[in-house]
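> Mind folding the following:
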Amino acid sequence: MSAADRIDVATLIARIAQLADSGAPEDYIACFTADAVWELADAGDLPMDSQRVVGHDEILAGVHRRRRDGIQGPGSHTRHDVSSIVVDVDGDRADGRSYFRYYTDTLGAPVLAGMGTYSDTFLRTAHGWKLDQRIITRS
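Now for the predicted structure:
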């Protein structure tokens, strides 16, 4: 397990959060493996339902839906903040666990609308580390 791999994976976690808020959907989806799983296990009081989606097409459709609904993306005045990132690398696989906070109304007095944990699995590909599975739980 190298420090460089842990840094690369932690940077990918941060990149995904930033792209959710202000990046192009194509750049966001490029962070995932082709058959990645994105699962919101507990939506709580978030403006969306619990769901499990698989693959680029379904994940990208979710991005477009959340942007259309003003839940994330440019102009939504939302922010994903990720911290306490722990990454364990074993060869070409890495497991990560981090805390997230989701804010709304970031132009004025930000409102903490949700928080929880990302439990992630990453795979090393020919194009670098990619997110293969994300399970989002609220706490």
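
> For H77, see how far away G108 is.
The gap separating G108 from H77 is 8 Å, by C-beta to C-beta, to the nearest Å. Bear in mind the C-beta positions are built from the backbone N, C-alpha and C, glycine included.

> Check V63 too.
As judged by C-beta to C-beta, V63 and H77 stand 17 Å apart.

> of those two, who's got more company?
V63 (21 against 14; other C-beta atoms under 10 Å).

> in terms of contact, does the more buried one touch D27 like I think?
No: counting by C-beta atoms under 8 Å, V63 stays clear of D27, with 10.6 Å between them.

> Give me the pLDDT for S139.
For S139, the model assigns a pLDDT of 75.

> If we ignore the residues flanking it in sequence, what's nearest it?
Nearest residue to S139 in three dimensions, chain neighbours excluded: G116, at 4.9 Å (C-beta to C-beta, 6 or more residues apart in numbering).

> Could you do H64 as well?
Leaving aside its chain neighbours, H64 sits nearest to P25 (6.5 Å; criterion: C-beta to C-beta, 6+ apart).
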